[in-house]
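> Pasting a predicted model and its sequence here:
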Amino acid sequence: MPEIVFKGKEYVYNHHLTVPYRPLVAQPGKGVGAGSSTLAGDLNGNLVIHGDNLHALKSLLPRHAGKADLIFIDPPYNTGNEGWCYSDGVNSPIMKEWLSTNPVDGDDMLRHDKWLCMMWPRLVLLRELLSDSGSIWITLDDNEVHRARMVLDEIFGEDNFANCFIWRKVDSPNDNKVPVTPDHDFLLCYAKDKAAVSFSPMVAPGILDAYSLKDDSGRLYRDRLLKKNGKNSLRRDRPTMYFELEAPDGTYVHPIHENGEEACWAAGEKAVDAHRAAGTLIWKKRQKLGKEVWEPYTREFAPDAPTRPYPTIWSDVPTMRQAKAMLTEMFATTDVFATPKPVELIERIIALTNTDNALILDSFAGSGTTAHAVLKANAKDGGTRRFILVEGEAYADTLTAERVRRAINGYAWSGNQREVLLEEKITYTQFKKADAWLAKVEAIKAREGFAEGDLADQGSTKHKRFDKINVKLDDGVLRVEGEKRISERAEGLGGEFTYCTLGEPLDLDKLLSGENLPSADALGAWLFHTATGGSLPALPKDAPEWYLGEAKDAHVWLVYRPDLAFLKSPEAALNLSRAKSFQSWGREHDAPAVPKPHLVFAPAKYLSNRQLKDFGVNYAPLPFALYREG
C-alpha cells in the first residue's frame, strides 16, 4: 500500500504515547442535570470538555477506549484563511521551529505538512476510542481530502474505507465574480472493522407510491411483467432464462417481445416455481402481435417498512445557511459561528448507523451541533444515545456548552412570521394591466389596515395582523407578504451533561513529592487502562474498598488516597490480611475452575513476592507503576 510522506511524520508517528494523561475535572454548575452538580460529575454520561483535544482524547481512554460507536469530526479544512495553530508540543527542534510561523496561513509553504502532523496523533487516538463495530465520519473540502484519505488508509487500513459522501453545503452562489464556486463538502467514512460495521438503509415512504393496487386484505401490491425488457433481454443474452410456461388454458407461453423477437424471463425456473407455489404468479390476457395472448406477471407486495440504499450525494440535507439561521434563532444574534454544520446532517449519520444507545464522540465540537443532533434523535425515538464533545477554544462554555444547555432546557426566540397574501406570475399581457395590479396591491394594504398614503412598513400596528406589508416583483412573480415580529419559546429536548476541564498532568516527580496527588478515581482509571488495555468498568454493588474493577485476565485493586500522610503510613501497604481479603472476594465472584489473579497497586508491601503468589496477587508499587503509562 502506498504510504503518505510528510515533513515531521517521524516525530508524530508515536506522539500519542508521550501525551501526558490529564484527568477530567468536572465543573459544577456549568452542566445540566443532577450528575453535573458535584465535583465528581458523571464521567460516564454526556460530556462537554474544554481543553486541547489531543490531551482530552488521551484523558478519555481510561473510561471510553473501544466504546465510541460513532465519531464525527469537523477539523480545520486548512484553507489558508482559518488562522489555526500547530502547537502539540512535540519535543523536536523542527517542530519548535515551525511554531515561529504560527498561525498557519496561506503563505505557509508547510501548512499541509503541519495539518497532517496535527491530524495524525488525533486520528490514532480516535481509532483507539472507536468500538470494533464503530465508524468515523470526517468533513473536509478539496484542500486536504486527498491527503486525509491516505492518512486514514494508513491508520485504519484501506480495506476499512466505507464511503465518501458529498454534502451540498450551499444553495446559492457565494461569489458572483468567479466562474465556479464550490457548493459541496466531502464526508469521509471509515470503519474500525468494515466486516463488523452495520449501516441501515434510508427510510423511503415514497416507495409505496409504486404500489397502487390493494388485495382483499388491504395489502398494497403491484404486478410486474415476468418477461424481461431492456438491456440483455433477448434469448441469446440469457439462454437459460428462455423456457416455456403453461398458461391457465393449458397452452404454453414463451417470452416474446412486441416486435416478435425471442426474449427471456426476468426469473429462472426455480424462482418461477416459488412464485407459483406462493400464489404470486399471475396470468393476464393482453393484445400482442394482433392477437390475444396470456402474459405472466409476478405479484409484489409493498414492504412494511419501505427503505432504499442511502445515496452518496446528499443534496436534500439543509445547507450551512440554514445551520446559521438555527444558531441565530437560538442565540438571537448573527455573530455566533462562521461555519456550523446543520443538525440534520449529523442526524442522518446517526440514523444511518442506527444504534439507539450509541456513544457519539466529536473532538472538534465547534458550535455543538453533534450534541444537538443526539438530543433530537433521543427525543424522537426515546433512545439513550450519549455524546462527548471536546472543544479547545475559549467559546467552549459560552457557545458549545451554552447551545447544549439551550437545546436541553429550551430557549426564547424572536423571528419574523410571514404570510403570502398575493402571489401571481406576471406575463407580458398582465404587465400591460399594471394599473389593475397596483390597485389589487393597494386593496390588500387597505384591508390589512395600511391605508393608501401610509408608509407600509412604518404604519401604526394597533389592531393590525401584521407589522408591515412587503411587495416584491422577483423573477416575474408578484408577491405581497404580511410580516409580523413574533416572540416564542422553543421547547427543550431534555437530557443532561457534565462540563469538564482538563486537570494537571499525572507527573511522577510531583506524585513522589506529594505536590500533585490526583484523585483516586482519576489515578485508578488511568492505572486500570494502562495495566489492562481496557476501559474502566462499572463497579459491582458489593465492591469492597480499593477495588477498581475486573479486567479480562485479572481483578485490579488500588490502595490509595490523595493524602501524603496516608501514603507514607503502614495503613497504605499491601499486608497479609489485605491479600487474603482480596483473594477471598475474588473466589466468591469467579468461576471455581478459573479463579483470576489479582493486580494490586499500592505504595508498599509487607509480603514477599513468593508469599503474594500463594494468594494469586501481583504487586505493582506506587508511584513507580506510573512508569508503565503510555
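Yep, it's here.
> alpha carbons only for contacts and neighbour counts from here, please
OK.
> What residues are bridge-paired with the closest residue to Pro248 other than its chain neighbours?
Counting by CA to CA, 6 or more residues apart in numbering, Trp283 is the residue found nearest to Pro248 once chain neighbours are left out, at 7.4 Å. Using DSSP bridges, the bridge partners assigned to Trp283 are Pro296.
> What distance do you get for Trp283 to Tyr297?
As judged by CA to CA, to the nearest Å, Trp283 and Tyr297 stand 6 Å apart.
> go on, Arg276?
Distance from Arg276 to Tyr297, by CA to CA: 11 Å.
> what's the neighbour count on Glu424?
For Glu424, the neighbour count with other CA atoms under 10 Å is 13.
> what residues are up against it?
477-479 (CA atoms under 8 Å, 6 or more residues apart in numbering).
> same thing but at 6 Å, please
With contact set as CA atoms under 6 Å, 6 or more residues apart in numbering, Glu424 has these partners: 477-478.
> would you say it is within a strand?
Yes. Counting by DSSP: H, G, I helix; E, B strand; the rest coil, Glu424 falls inside a strand.
> Report the beta-bridge partners for it.
Leu478.
> Can you read off the pLDDT for it?
The score at Glu424 is 78. That number is its pLDDT.
> Thought Cys500 was touching Ala26, still the case?
Yes. Ala26 lies in contact with Cys500 (CA atoms under 6 Å); the separation is 4.3 Å.
> Quick one: low-confidence residue ranges for the stretch 301-450 of the chain.
Counting by pLDDT under 70, the stretch 301-450 of the chain has low-confidence residues at 415.
> Likewise for the stretch 451-600 of the chain?
Within the stretch 451-600 of the chain, the stretches with pLDDT under 70 are 451-463, 475.
> any idea where the strands of it begin and end?
Secondary structure of the stretch 451-600 of the chain (DSSP state E, counting those that start in this stretch): strands located at 468-474, 477-491, 498-502, 547-550, 555-558, 573-574, 598-602.
> Same list, these, but as CSV with mean neighbour count and distance to Arg238 please.
Formatted as CSV, the strands of the stretch 451-600 of the chain follow (neighbours: other CA atoms under 10 Å; distance: least, CA to CA, whole Å):
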stretch, mean neighbour count, distance to Arg238
strand 468-474, 17, 57
strand 477-491, 15, 55
strand 498-502, 24, 64
strand 547-550, 21, 61
strand 555-558, 24, 64
strand 573-574, 22, 79
strand 598-602, 24, 68
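> quick one: contacts for the residue most central in space within the chain?
Centroid-nearest residue in the chain, with CA atoms, centre = their mean: Phe72, separated by 4.3 Å. By CA under 6 Å, 6+ apart, Phe72 lies in contact with 136-138, 362.
> Not counting its neighbours along the chain, what's nearest it?
Nearest non-adjacent residue to Phe72 (CA to CA, 6+ apart): Trp137, at 4.8 Å.
> Asn102 too?
Per CA to CA, 6+ apart, closest to Asn102 is Cys85, 5.4 Å.
> So what's the residue count around the one you found?
The local packing of Cys85 (other CA under 10 Å) involves 16 other residues.
> hang on, isn't Pro296 packed against Thr280?
No. With contact defined as CA under 6 Å, Pro296 does not reach Thr280; the gap is 10.1 Å.
> of these two, who's got more company?
Under the criterion of other CA under 10 Å, the comparison of Pro296 against Thr280 puts Pro296 first, with 24 against 17.
> Could I get the pLDDT score of that one?
For Pro296, the model assigns a pLDDT of 97.
> how about it, what does it touch?
Counting by CA under 6 Å, 6+ apart, Pro296 touches 226, 282-283.
> at 10 Å instead, please
Contacts for Pro296 (CA atoms under 10 Å, 6 or more residues apart in numbering) come out as 223-227, 245-247, 253-255, 265, 272, 281-286.
> Any of these buried? List them.
For those, a burial check counting by 16 or more other CA atoms under 10 Å picks out 223, 225-227, 245, 247, 254-255, 265, 272, 281-283.
> Wait, the residue nearest to Phe72 touches Cys164, no?
Yes. Using CA atoms under 10 Å, Trp137 makes contact with Cys164 at a distance of 9.3 Å.
> okay, Arg276 and Tyr297: which has more neighbours?
With neighbours defined as other CA under 10 Å, Arg276 and Tyr297 compare such that Tyr297 has more, 18 against 13.
> any idea how far Ile73 is from Ile360?
Separation of Ile73 from Ile360 (CA to CA) stands at 10 Å.
> which residues do the two both contact?
136, 370, 389.
> And these, which is closest to Glu448?
The nearest member of the shared contacts of Ile73 and Ile360 to Glu448, counting by CA to CA, is Thr370 at 43.5 Å.
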